[in-house]
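# the following comprises the amino acid sequence and a computationally predicted model.
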Amino acid sequence: MTTDNLKFEIGFWHPFGDHADEKAEDIIKRKQQEIKKTGWTLWSFQHRTKETLERWLNEIKEKGPCNVLVFCSNGKGSNTKGTPRHCNYYLPIGETNPKAIPITIKVPHPMKKGTAGSAFIVKNIKYAPAHEEIQVEWFYSGQSRWQKDRSSTRGEHLIRRDSSGKPLREFRAVLELQSPYLAEVGETEIEDRDQ
C-alpha cells in the first residue's frame, strides 16, 4: 500500500499512541473489528470547536478529493490523561440531530462529564508502508490559510499534498474516511442504540 494507490490529496495528521489506557496496536485491531462488524467506525481525538471542524470540512469540499486520509503518527507518545468516558452519541458535522453510536462501536474518550470530543468517521484502516516521504502543507484554522510549517506539534492538523512542502514524519497507519468525515462525540441520555 502506498499513498499513491490511495491518491492522497487532502487529509489529516493525527498524533497517535496509547490512549485511554489502551495500547496503540490494540486500538487499531479493535477499530478494524468494528469496521468488519459495522462497515465503519468512529476514531476520537481531542475536542475541536464546531467552527474549526466546519472550516476543515469546507477546505475538503473545496478540494473535492476522491478520498480523505488520516496519517496516524508512529511516535511513542504518552497515555492520554483523564478517565475515559464511553461516548454514546455522535453528531456529524453539518447535521443538527445527534445519532446513537451503534453498540458494535466503542468510543472511550477522556473528557469531563458534559463535554464533548471530536472524531473521524472511518471506513478503512491500512498499515503504513515501511517508508514513504509525503510532502505537505498545514492548514491554520484561526487564520484560514495554508503554510509550509505547522504551528504546533500537538493535536490534529488538516494537511494537503504539496511538492514544495515539508515531509511528514513517519506514520504507522492510514485511516480512510467516509463523508462527512468529522463528528462530535459525547455522552447524553440517548436510550435507543442500534444493534
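Arrived safely.
# my read: Ile159 touches Gln135, true?
No - contact criterion CB atoms under 8 Å: Ile159 and Gln135 do not qualify, at 10.0 Å. Bear in mind the C-beta positions are built from the backbone N, C-alpha and C, glycine included.
# so what does the longest strand along the chain touch, helix or strand wise?
In terms of residue count, the longest strand belonging to the chain (DSSP state E) is strand 171-186. Counting by 3 or more CB pairs under 8 Å, 6 or more residues apart in numbering; DSSP states H and E, the packing neighbours recorded for strand 171-186 are helix 3-6, strand 41-45, helix 50-63, strand 69-73, strand 89-92, strand 116-127.
# Ile28: which of the ones you listed is closest?
strand 116-127 (6.2 Å; CB to CB).
# returning to that earlier point: now do the buried residues in the longest strand of the chain.
Residues of strand 171-186 classed as buried by neighbour count (16 or more other CB atoms under 10 Å): 171-177, 180-186.
# could you export these as CSV, including distance to Asn88 and pLDDT?
Listed next are these as CSV, based on distance: CB to CB, whole Å; pLDDT from 0 to 100:
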residue, distance to Asn88, pLDDT
Phe171, 30, 88
Arg172, 29, 88
Ala173, 26, 92
Val174, 28, 93
Leu175, 22, 96
Glu176, 25, 96
Leu177, 21, 97
Pro180, 20, 96
Tyr181, 21, 98
Leu182, 18, 98
Ala183, 13, 97
Glu184, 12, 96
Val185, 9, 95
Gly186, 8, 92
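# where in this structure is the helix or strand with the lowest mean pLDDT?
helix 3-6 (a mean of 60; mean pLDDT, DSSP states H and E).
# now the end-to-end length of stretch 167-175.
18 Å (CA to CA, to the nearest Å).
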